[in-house]
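>>> A predicted structure for the sequence below; I have some questions about it.
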Amino acid sequence: MPKYAANTTMLFQEHDFLDRFDAAGKAGFQFIEYMFPYPYDAHELRAKLDQNNQTQALFNLPAGDWAGGDRGIAVQPSRQDEFREGVGKAVDYAAVLYKDVQGPKLVNVLVGKAEGDEAITRRTVIGNLQYAADKFADAGLTLIIEPLNPYDVPGFYLYGTQNTLNLIEEVGRENVQLQYDFYHMQRVEGRLTQTVRENLDKIAHIQLADVPGRHQPGTGEINYPFLLAELDRLNYKGYVGLEYIPEGHTEDTLGWLKELKTS
Ligand SMILES: O=C(O)C(=O)[C@H](O)CO
Ligand SMILES: [Mg+2]
């Protein structure tokens, strides 16, 4: 069975962020992911994890001015210094959040919205991801790249599995893999079962939400009981991040997971 991680950027918003570790712990979550640790002191976050006997599963590289519309900056030539400074910051946070963690230590990158010449953009994003991968390799970290969907994030540089695998190939580093979000990929390409079957060796992290609406499994078109059983059949032992907008109180949206665990 995969290791299910509560995404506390999206879940448990009934609580202040630091209290979400406790709420997730009470709901039975041992693994925690969220987007950005940076508004908080790393040691403060680590203390919350330790208090709840939890393990950090994932966090993201700094992605620019999120509220201002940035969804990453790795593709923007004019922000190379800012991107590379963010790599250093992520390495510092990982040293605290992933200390003594066994298994892969994952940091996700959203590459951002392209600006200007395609060839320059491509050279920029490959150079930045190679820089990040090399710094991460020194720190024992895995860089994972997440494609999104154009309906939620128009203008983003990276949609779809194959585009992302092509980019990973061009980056050419051992410690760079795919972050596969069932929600985004259902909206872009479908083929969820086939894609996972064909590429599981390249997928370092999986996330889920249903379509439409990005709510909990069972509210939309994706057959999660089948899909998650398929992950078991494929012996996927990585994380599945619960990255959905709860329809109702978070604790009331977890029935599907309880059923899964008892089935
Ligand atoms: O948007 C997503 O699906 C992600 O996973 C990003 O990391 C932001 O949460
Ligand atoms: Mg995601």
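Thanks, I have it. Residues are numbered from 1 along each chain as shown. Ligands and ions are numbered 1, 2, ... in the order given.
>>> Strands along this structure, start to end?
3-7, 31-33, 55-60, 106-109, 142-145, 176-181, 203-208, 239-242 (DSSP state E).
>>> Including distance to ligand 2, mean neighbour count and mean pLDDT, could these go into a markdown table?
Where C-beta positions appear, they are placed from N, C-alpha and C, glycine not excepted. A markdown table is the format used below for those (distance: least, C-beta to the ion, whole Å; neighbours: other C-beta atoms under 10 Å; pLDDT from 0 to 100):
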| stretch | distance to ligand 2 | mean neighbour count | mean pLDDT |
| --- | --- | --- | --- |
| strand 3-7 | 8 | 23 | 98 |
| strand 31-33 | 9 | 24 | 98 |
| strand 55-60 | 9 | 24 | 98 |
| strand 106-109 | 8 | 26 | 98 |
| strand 142-145 | 10 | 24 | 98 |
| strand 176-181 | 4 | 24 | 98 |
| strand 203-208 | 4 | 23 | 98 |
| strand 239-242 | 7 | 26 | 98 |
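>>> Make TSV from those and add distance to A42 to it.
Formatted as TSV, the strands of the chain follow (distance: least, C-beta to C-beta, whole Å):
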stretch	distance to A42
strand 3-7	18
strand 31-33	14
strand 55-60	10
strand 106-109	13
strand 142-145	19
strand 176-181	22
strand 203-208	20
strand 239-242	20
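>>> Spell out which parts of the stretch 101-250 of the chain neighbour ligand 1.
With the criterion set to C-beta under 6 Å from any ligand atom, the stretch 101-250 of the chain comes near ligand 1 through 108, 110, 146, 148, 181, 184, 207, 243.
>>> Which pLDDT value belongs to the third one?
Which is E146. pLDDT recorded at E146 is 98.
>>> Now for it: which residues touch it?
108-110, 158, 164, 178-179, 181, 184 (C-beta atoms under 8 Å, 6 or more residues apart in numbering).
>>> Also the fifth one?
D181 sits next to 146-148, 206-209, 243 when contact means C-beta under 8 Å, 6+ apart.
>>> please redo it, this time with the cut-off set to 10 Å
By C-beta atoms under 10 Å, 6 or more residues apart in numbering, the residues touching D181 are 108, 146-149, 187-188, 205-209, 241, 243.
>>> go on, the last one?
The contact partners of E243, taken as C-beta under 10 Å, 6+ apart, are 5-7, 9-11, 33-35, 58, 181-184, 206-209, 214.
>>> one step back: for D41, find the nearest of the strands of the chain.
Checking the strands of the chain against D41 by C-beta to C-beta gives strand 55-60 as the closest, at 14.1 Å.
>>> by contact count, what packs against that closest one?
Other helices and strands packing on strand 55-60, by 3 or more C-beta pairs under 10 Å, 6 or more residues apart in numbering; DSSP states H and E, are strand 3-7, strand 31-33, helix 42-51, helix 80-97, strand 106-109, strand 142-145, strand 203-208, strand 239-242.
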